[in-house]
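> show me how the following folds:
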Amino acid sequence: ANAIQALSAIQQINVSWPYPISSVLDVYALIVFDYRVIHTSCIWQVDSSLARFLEKVFTYPIAALMIALTVFISRLVKRPLSLNSALNANGMLLFLFYITLTLAVLLPFQCAPTPNGGKSSMLSDPGVICFESDEHVRLVILSVIGIAVYPVGIAAWLVWVTLSFPNLISSGRGIQVLQRYRFLFGRYKPECYYFGAITLGRNALVALVPVVLVTVPGLEILIMGGVMLGSAVLPARLWPWRTDLASICDVAIYSILVVLLLATGPLITPNESDNLVLPILMCVLALSVIFAVVVATTIAMLQRHRQRNLYGAFLCHHKGGAGVLARFIKMAAAAHTNDQMFLDSDNLEDLDTLFNIVRSETKNVIVIMTPEVLKRIWCAGEIATAFNNGIHILPVICDDLEMPSERDFESILELWTQEQLYTVGALGITVESIMDSYRHLRTLPFVSMPRFGNITEQGNVVIDIVHRLGLPKRIFSEMAGHTDLAKILILGNVTDAEGLATCHVVQKLVQRELQLEATVIQTVQQALSAREHASCMLVVLSGTMLKDSTFASILMTLQNGATFMQNMSSLASGTDSGCDSRDSLGEKRRKLSFVTVNADPRFFFPDEKFYSELADEGLPPHLEPEDGLVLVTCYRSLLKTIALPLMAHGSQTLINMQMHEVCRRVQKSLSEQFDGGLRKRRISWTANDWVKASSSLRSSTAAEHGHERDNTEMVFVTM
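Down below sits the predicted model:
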């Protein structure tokens, strides 16, 4: 559609189009709302420029009204379309026909000189004298209103949404809202989400060039050719579309349009403006070749000799105690500042350069205070280097730490071997400087990090860190959030600080990749409220989480719903209930699909002895012995699929690659569940089932004093 509209914009160039290209371009007239080919003037009994202008600008409102009517009818037939679907369809109309709508409201300003000279007339309607006739004045007034509504209004709206996109994706609250913008983001790869805004800018230029440069056709063709060339080169460089075929077509189509514009050159009738402007522009282009070479060489030399860019902050942490938390802080901070943070798993290649990075390439040092961080010799060296060189230090104290005393500092010295002290000593770090830096650390203002807080609470702490460090803030940023309306529920070892941090990292990456809401389940109550809207569980395996009764309770709650909380013993005594439960109608509850991820090489895989003990004793303190059989069934079902690997302490590049495969499997699971749901809705009920259902509904209604009715949807097939 954009390419056809671009052809129509090219047709607006002030040249004489010969046959048969003129006939080919006329075929596309209806697509650009030119209704003269179907003689609508015979219907309105009016043939004027004003009538044709109104036909063009009111085409979209009529189409939007039809969308609204479709939504209304869908509600009448009990098959309601969602509001997001309707808004997405409306946005698709505005996005696809942006060139046409922009051209339509700009046509009154497309004025070309008349043959007799002295005056100008509308190129689309030579009978209307520009800025002198009453009809043109009315058109100009309507055009100004149309410009504010269509090109300016649409562009401002979609550019704002695009700028807000990264942080809305990181926010659990924002993804559901962004589903209505599938027309803008859904066609492109996640990393090229901004390409819709680029396309919109390209379309604006395509519509503006024939209007602004109407009196200089030679320059008009040259500028339009540059726009089309950029439209071919940029997709070839970014490859933004989700499929290779779409990217190939995009490049090919605009390359063809460039060739078409080259063929337009001989059709130009030179005028005085062209004779004056074109030679100057051609001279500028010729000189720009030399200028580009000089600029590129200069930039390369400056990059070679200038000081390397500083990191906004250096994350000093104990890998085992806060390696994944450091990853989360870096990811969360990226949504609020443009400054980079140094994380050794991403940036470090040689330990010998570690202290030099702190000394000369870092503005701030963030010390993540966990029980082991001050005992690690390399962390001690990083803190001492920052102290000795006047680098700003910000302690982030985790809630499982008490600040060590002077006596504790002395005991730490006993943990380090002479070999370790010699290693850091060779890099300029002495024991005295380490002790001085530790004493200084105790006097500094700090930030408290709730290790077991939800993603919103931890995200707020990261915002506070960015503020305290004075890092430049992004224009558009939002706090991360968690929601009870998530489609993807993330389970993990939430009673372990690093296990919970891994879940939060996974949540952010899943939301960014799939553009679907996800949330980490930390309590049974949260599981109960989130289950109704969820479709898939993403289980992050780590440590000995299968021995954790909190995880087991959450898993069983999600598999069995409220029935687990109300009547677990009846489930345990069922003959073949497994992890399914039944509602009051006797139907099985909707079962959540699941994908497993192994984020810990030390993960405990259960053996038969573990299952036997679990079946006999349950899992104290939350699960009694009578719950053991059901839990064994749930665990066996969970572990029968192969878990995908995830190196939570690896580099961001490695994590992204592994999470891409995880998201692919999650997406496949969601698709299979959706297809299965469609088939299930077509299953007929027998008369016996209907009697049982009716009886159950009547009982339920009586129990609730008749205030509510069950809105269960049923599909019947005549037997």
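> can you give me the helices in the stretch 451-600 of the chain?
With DSSP state H, counting those that start in this stretch as the criterion, the stretch 451-600 of the chain has helices at 455-469, 497-514, 524-531, 549-560, 562-572.
> which helices and strands does the shortest one pack with?
Meaning helix 524-531. strand 488-491, helix 549-560, helix 562-572 (3 or more CB pairs under 8 Å, 6 or more residues apart in numbering; DSSP states H and E). From N, CA and C alone the C-beta is placed, and that goes for glycine too.
> number of residues surrounding Glu613?
By other CB atoms under 10 Å, 14 other residues sit near Glu613.
> per-residue pLDDT, it?
On pLDDT, Glu613 comes in at 90.
> which SSE is it in?
Using DSSP states H and E, Glu613 falls within helix 608-617.
> just the buried residues of stretch 340-357, please?
For stretch 340-357, burial by neighbour count (16 or more other CB atoms under 10 Å) applies to Gln340, Met341, Phe342, Leu343, Asp344, Ser345, Asp346, Asn347, Leu354, Phe355, Ile357.
> repeat for stretch 147-163
Applying 16+ other CB under 10 Å to stretch 147-163 flags Tyr150, Pro151, Ile154, Ala155, Leu158, Val161, Thr162 as buried.
> follow-up on the earlier one: the helices of the stretch 451-600 of the chain: lowest mean pLDDT?
helix 562-572 (a mean of 44).
> which parts of the stretch 51-200 of the chain are strands?
111-113, 120-122 (DSSP state E, counting those that start in this stretch).
> could you say what helices and strands the first one packs with?
Contact analysis of strand 111-113 by 3+ CB pairs under 8 Å, 6+ apart lists strand 120-122 as its packing neighbours.
> off-centre distance for the strand it packs on?
47 Å (CA atoms, centre = their mean, to the nearest Å).
> tell me the mean pLDDT over it?
Strand 120-122 comes out at a mean pLDDT of 88.
> restricted to helices, list the buried residues of stretch 340-357.
Residues of the buried residues of stretch 340-357 located in helices (DSSP state H): Asp344, Ser345, Asp346, Asn347, Leu354, Phe355, Ile357.
> just the pLDDT for the second one.
When you say that, I think you mean Ser345. pLDDT, read off for Ser345, is 90.
> burial measure for the residue nearest to it when sequence neighbours are not counted, as a count.
Beyond its immediate neighbours in the sequence, the residue positioned closest to Ser345 (CB to CB, 6 or more residues apart in numbering) is Ser651, lying 5.3 Å away. Neighbours of Ser651 under the rule other CB under 10 Å: 16.
> wait, Ser651 sits on Lys330?
No - Ser651 lies out of contact with Lys330 (CB atoms under 8 Å); the separation is 11.6 Å.
> mutual contacts of these two, please.
Asp346 (CB atoms under 8 Å, 6 or more residues apart in numbering).
> deepest of the strands of the stretch 51-200 of the chain, which one?
Of those, the one with the most neighbours on average (mean count of other CB atoms under 10 Å) is strand 120-122, at a mean of 20.
> which residues touch that strand?
Against strand 120-122 from outside (CB under 8 Å, 6+ apart): 49, 107-108, 110-114, 127-130, 136, 139.
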